[in-house]
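Participant: Show me how the following folds:
(2 chains)
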Amino acid sequence: MILYRWILVAVLGGLLSGVVHAQTDDSEQEVQGAMDGGEIPRVLTPARLDQPRSEVPASVTVIDREMIEASGARELYDLMKLVPGMSAVKVDGNVPTVSYHGTMARDDRRMLVLIDGRSVYKPGLARVVWNDLPVSVADVARIEVTRGPNSASYGANAFSGVINIITRHARDVSTTTVETRHGNNGVSDQRLTSGGDRGDASWRFTLEQQHDHGYDDGYDPDYNDDQLYRDDKTLNRTNLRAGWDLSPRDQLEFFAGGSSTSLQRPPDDAFLEFTRYRDFPVQRNENAFAQLRWQRDFSPRHSLKVSAYSQYSDSREKMDLCANPVTPTSAPATGAIFFTRQMREVFLRKGNIDDTVAALGDPGETALQNKLSELDGSNAGTFCGDFTFDVVEKRHDLEIENTLHWGDRIKLVTGLNLRHDRAQSETYLSGTAENYSQRAFGTLEVEVADPVLLNLGGFWEKDDINGEFFNPRGALILKPAQGHSLRAVYSEAVRTSDLYEAEARTNLTADNLTPEFEQNRQKWLGWTTPRFFATQTSPGDLEAERIESRELGYYGRFGTVELDVRFFEERLRNLLSRGVNPFTFNAHDRERVDLEGWETQLSWRPVPDHLLRVTSSHVHNEASINIEERLSPRDSGSFLWRFDPNRRWMVSTVYYLAHDYNREGGSAVPLPYERGDLVIAHRRDLGDTRLRVEGRVQQYFEHEPVVFKENRYADRTHYQLSLALEF
Amino acid sequence: MRFMLRDVAHVRVQRKVMLLSLRRCLLLVLACLPLWVGAAADARVLTVSVHGGDAARVAWFSDKLAGMLGERIRMVPPGGADVQLALDAQHFRRRCREGTRVVGVAIAPQQVRAVRDDGHRCTALFRGAEPERQLRLLQLLQPGLQRVGVLLTPDSDWLRTYLLDPADSGEPASLALDFLEVAPRKELAPALNRLLPRVDALLALDETGLYGPNTARLVLLTSYRQRRPVVGPNRSFVQAGSLATTYSGDIHLARSLAQWLRRLLEQGRLPEPGWPAHFSVTLNEDVLKAYDLPLRDPQDLAAELRDGEAH
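Facilitator: Got it, this is the predicted structure:
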């Protein structure tokens, strides 16, 4: 507690001392301006300038617009392949997973993703839904990826790394662009982006729709559908950013946006054991957010930022199921037994699905046997109904951040944050769960000697369901010259339980039943709200997942060459690796992962027209359970070459390699990933209108599926053509 | 000291004359004619008057020039001087139209060009920093720099002739200049958004239509958001957030004027309009640091630039 009090004192102290400095610096600035005879106020003040790259206490990868254009990426997640050590693939049909240093393939819950400072990490079911991000690739100015834990700056869940997506400022879009893109694999995209300004106000907005067929090869010869993986997706998104320069010292920005996505989903194997699908499931997600950010520069060395946002998401996946009879010779109505109160009671006693199903042959289970006989002898027909996986998640967040420079050697960033998370779900929570959290954070950078920087950071937080945490970070940075640095970093981070993990009470409720069951629910099913027999309840009081990271790194710029090298050792403990879903919920058996390896990223512009960029990563993953190694390729990398022969043409190629996915997991053989992209773009002025034509060819060099056996493309060559008019 | 050097040169000429044929002697005599003319001019005192600006500035320039040139010049009131120095554009235009020998001091290149286009043979020290020098400063600060963007207005488009694009020199292109012409102010934001993504840095020329108090915020914030440093155009901009600039303050202008007047005394003519040869460098250390560029001593940078110009 003493430590926490010190943090609060430091936070408040930082805020108050900043105000004092503000008054002092004001008078200095006026005098300085008068002395120089200049009429231009300071625009890029130390408080407004970012930390130089060589002084950042972490490994950072920056993906800027030049690389985004060269990559030809149409989805945000695809850009993450350019980050060393990052796994970014569609592992679950049309649902991408982005994970630094891999580990689990499906549960994308160990990375924090921010868009303009707003966390898009979902509070209800801890995850980042890349499909739902309400940002077009065209709206992105820059992506900064911190490789390594960063809870000391961002709090819980900045576990393995942080992806910070920075959208284009409203003033940086001053034209209107309409774009259409088409290609094989059902690719059909449309986009409208427009921006403008009037006096001190500026705005830009984007409307975008994207569609593709996803993996389109048959994967299961036993399945009697058209054998195609059901992973078509349609994404609609909009994004607005507006800014007002209230005064030379005050900037106000407003962000808003939303998305609606429609995802075909494959049949769930767990349900196929008891049911068959009358119609295939479709997941529909809707998201919206609004954010206000005000920044005031009290002086060139002191600024204050206040940010408030609210966000909402609603995800529903409806399944139209009919229950299979208990045995092939049983009456069709016997399938309804899986949705009876009697079966639920047995499950609550047995505790697992297998023992409960076995009870169907146990004469000792009198009530269950009676119900089964009753159904077997009835003419109620097949039991069919609709089942919906639903979750509504809301977040309100308020943050105040104070940045203060003392001279040239000390910088202090302090802040306070209040957050309210709420999740509502009949399926996962049987109601509503909420969480209030309070946070305080601070980072102190001190130049202790001329070439040596010390960076100390800490983040304290307390929430209703996880209690109190403090995540520290310490870094020593040696700068032999400006633009070169050697760094040693130690950091800790946690992933706290989400609302589902903490308060799960799952119930799959059937609606819209076949007429006989609908009219006589109590009679046939034993309750008026028929539910699937299996249910899971969280034991509560779950411990957080933890990571400890040690890093030695180098960053340097030599003329046109930029190099970053990272050696790391990461210890992940207390991992919640086993199933915590409506069919099984194992929160007790915790796992561990030890990661060691190195990463490099190098960019080089040998001549003005050519840009080369190479990344490589070697990770040794030693996990206590195979599932934590699935998305962790031992060796991976990328190579990008961009050539601009003149202003009209751009040619680029990108090569990605991951060797291998699912090495120790469920796949019989390791699954390599090897892909090459070629992008050719041509620009032409047509009077005041600019035309941009871009062709992209994407070649998968491997026959193997991506991570899982279902993920196969019928045609390993994908091509797209886009046409954009800018006026 | 200067006379001693000239005497030594004279002795050397005499020795060579003895060894040369008559024809060569004649050529040599012709070649040496300007020296004699210069010597003749040297012998007299140049009268100089200073116009424009406030009285204090006029007095300051008069004092400085008198101090630098000693008894070789005599500062006189306006009217009848051999050379008239105009400290502002208004006086520069007026005196030029009067047909006297005028040297403008810190006059915008566009204004000098307009006066000369009217047929007046005045000369002037340009206001602002020399584009080529600014470019070399940018290269010294950021050795890996390869693509530099330059915005020009229709009025300043001719300034591009002062920036030789290395790509046009036939040498391997290590640095490419990307020019974009823009109508001032209204079209500045779209032009920045179009130019900045395809360059590594922006070279801001002294063009008030593009880079003034009303546009500084737009230029500097837009370029920083896109992580493209700006060099130039003047000290005020550097203080506001530009990376660095060369500049010629009044003391540099005075030194450059003294150099020009010496040339007039010695060679009988004034140089063509151009930027002052004397300058200093100023840096914004905060911005340099943010871009991870090495901090350099401004005096060392200026010396390095001067060395480059000497060669």
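Participant: Residue of the stretch 351-500 of chain A closest to chain B, please.
Facilitator: Proximity of the stretch 351-500 of chain A to chain B (CB to the nearest CB) peaks at residue A:482, 4.0 Å away. All C-beta atoms are positioned from the backbone trio N, CA, C, and that covers glycine.
Participant: these two touch, right, that residue and residue B:295?
Facilitator: Yes. Contact criterion CB atoms under 8 Å: residue A:482 and residue B:295 qualify, at 6.2 Å.
Participant: Could you tell me which residues touch both of the two?
Facilitator: B:288-289 (CB atoms under 8 Å, 6 or more residues apart in numbering or on different chains).
Participant: got the residue ranges for the helices in the stretch 501-650 of chain A?
Facilitator: Applying DSSP state H, counting those that start in this stretch to the stretch 501-650 of chain A gives helices spanning A:515-519, A:521-525.
Participant: Which one of those helices lies nearest to chain B?
Facilitator: The closest of these to chain B is helix A:515-519. By CB to the nearest CB, the value is 59.3 Å.
Participant: on that earlier part again, would you mind giving the helices of the stretch 501-650 of chain A as a markdown table with mean neighbour count, mean pLDDT and distance to chain B added?
Facilitator: Shown next, in a markdown table, are those (neighbours: other CB atoms under 10 Å in any protein chain shown; pLDDT from 0 to 100; distance: least, CB to the nearest CB, whole Å):
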| stretch | mean neighbour count | mean pLDDT | distance to chain B |
| --- | --- | --- | --- |
| helix A:515-519 | 15 | 91 | 59 |
| helix A:521-525 | 17 | 91 | 61 |
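Participant: which stretch among those helices comes nearest residue B:179?
Facilitator: helix A:515-519 (74.9 Å; CB to CB).
Participant: and the closest one, what other elements does it pack with?
Facilitator: Identification of packing neighbours for helix A:515-519 by 3 or more CB pairs under 8 Å, 6 or more residues apart in numbering or on different chains; DSSP states H and E yields helix A:521-525.
Participant: Just name whatever secondary elements the helix it packs on is in contact with.
Facilitator: Using 3+ CB pairs under 8 Å, 6+ apart, helix A:521-525 sits against helix A:515-519.
Participant: Next, please give the residue ranges for the helices of chain A.
Facilitator: Counting by DSSP state H, chain A has helices at residues A:2-36, A:65-71, A:76-79, A:151-154, A:269-272, A:341-350, A:353-358, A:366-376, A:499-503, A:515-519, A:521-525.
Participant: Could you tell me the least trusted of those helices?
Facilitator: In terms of average pLDDT, helix A:2-36 trails the rest of the helices of chain A, at a mean of 38.
Participant: picking up where we left off before, where does the residue lying closest to the residue of the stretch 351-500 of chain A closest to chain B once chain neighbours are set aside land in three-state SS?
Facilitator: Setting aside the residues directly before and after it, residue A:482 is nearest to residue B:294 in space (CB to CB, 6 or more residues apart in numbering or on different chains), at 4.0 Å. Here residue B:294 is recorded as coil under DSSP: H, G, I helix; E, B strand; the rest coil.
Participant: Report how many residues lie close to residue B:294.
Facilitator: By other CB atoms under 10 Å in any protein chain shown, 14 other residues sit near residue B:294.
Participant: rewinding a little: count of neighbours near the residue of the stretch 351-500 of chain A closest to chain B?
Facilitator: 19.
Participant: go on, the one 10 residues further on?
Facilitator: The tally of other residues near residue A:492 (other CB under 10 Å) stands at 20.
Participant: How about the contacts made by it?
Facilitator: If you count contacts by CB under 8 Å, 6+ apart, then residue A:492 has A:149, A:151-152, A:471-473, A:546-549 around it.
Participant: Buried among those residues? Make that a ChimeraX selection.
Facilitator: This is the ChimeraX syntax for the buried subset of the contacts of residue A:492, where burial follows 16 or more other CB atoms under 10 Å in any protein chain shown:
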select /A:149,151,152,471,472,473,546,547,549
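Participant: ok, which of the contacts of residue A:492 also contact chain B?
Facilitator: Among those, not one lies near chain B by CB under 8 Å from any CB of the partner chain.
Participant: So which residues on the stretch 151-300 of chain A come close to chain B?
Facilitator: Residues of the stretch 151-300 of chain A lying near chain B by CB under 8 Å from any CB: A:169, A:171-175, A:197, A:245, A:248.
Participant: Most neighbours out of those, which is it?
Facilitator: Within these, most neighbours by other CB under 10 Å means residue A:173, with 27 neighbours.
Participant: what's the spacing between the residue most central in space within chain B and chain A?
Facilitator: The residue lying closest to the centre of chain B (CA atoms, centre = their mean) is residue B:275, at 1.2 Å. With distances taken as CB to the nearest CB, to the nearest Å, residue B:275 is found 20 Å from chain A.
Participant: you'd agree that residue is up against residue B:252?
Facilitator: No. Residue B:275 is beyond contact range of residue B:252, at 10.1 Å (criterion: CB under 8 Å).
Participant: so residue B:158 touches residue B:113, yeah?
Facilitator: Yes. Using CB under 8 Å, residue B:158 is in contact with residue B:113, at 7.0 Å.
Participant: who's more crowded, the two?
Facilitator: Neighbours were counted for residue B:158 and for residue B:113 using other CB under 10 Å; residue B:113 has more, 18 against 12.
Participant: Now do the one helix or strand the more buried one maps to: distance to the chain's middle.
Facilitator: Residue B:113 belongs to helix B:109-117 when assigned by DSSP states H and E. On the basis of CA atoms, centre = their mean, to the nearest Å, helix B:109-117 sits 15 Å off its chain's mean C-alpha point.
Participant: and the most centrally placed residue in chain A, what does it touch?
Facilitator: With distances taken as CA atoms, centre = their mean, residue A:128 lies nearest the centre of chain A, 3.1 Å away. By CB under 8 Å, 6+ apart, the contact set of residue A:128 is A:98, A:108-109, A:111, A:113, A:120-122.
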